[in-house]
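[1] Got a sequence here, can you model it:
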Amino acid sequence: MKKSEIQDLRTKSIEELETSLQAHREELMRGRFDQVTKGEGIGVRARSLRRNVARLQTIIAEKKGEAAKA
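    All right, here's what the predicted structure looks like:
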C-alpha cells in the first residue's frame, strides 16, 4: 500500500474503515476457502490482505483513542 493510500485511510471515518476492514476479512476468508476446496487460493495476495487488515485495525484503534480523549 502506498503512503498516499494510507493517508487516504486516515481521513476516512471509523464506519468507512470498519466496512473496508470487513471486506478485506471476507476476501481473505474466501481465498482460504477456495484454497481448501478448489486448490486455487489467493496466494501471495493473502500477505497483503493480512497486512491491510492489521493496518485498518491500527487506524481504527487510533481514531477511537482520539475520540475517547476528546
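[2] Just give me how far the lowest-mean-pLDDT helix or strand in the chain sits from the chain centre.
    One helix or strand of the chain scores below all others by mean pLDDT, DSSP states H and E: helix 3-11, with a mean of 91. Distance, stretch centre to chain centre, for helix 3-11: 13 Å (CA atoms, centre = their mean, to the nearest Å).
[3] buried set for it?
    Leu9 (16 or more other CB atoms under 10 Å). Quick note: C-beta positions are derived from backbone N, CA and C, even for glycine.
[4] mind exporting that helix as PDB, just the C-alpha atoms?
    Extracted in PDB, the C-alpha atoms of helix 3-11 (Å, rounded to 0.1, in the frame of the first residue of the first chain):
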ATOM      1  CA  LYS A   3       1.800   6.200   1.500                       C
ATOM      2  CA  SER A   4      -0.800   8.300  -0.200                       C
ATOM      3  CA  GLU A   5      -3.300   5.400   0.200                       C
ATOM      4  CA  ILE A   6      -2.500   5.200   3.900                       C
ATOM      5  CA  GLN A   7      -3.100   8.900   4.200                       C
ATOM      6  CA  ASP A   8      -6.400   8.500   2.500                       C
ATOM      7  CA  LEU A   9      -7.400   5.800   5.000                       C
ATOM      8  CA  ARG A  10      -6.600   8.200   7.900                       C
ATOM      9  CA  THR A  11      -9.100  10.800   6.500                       C
END
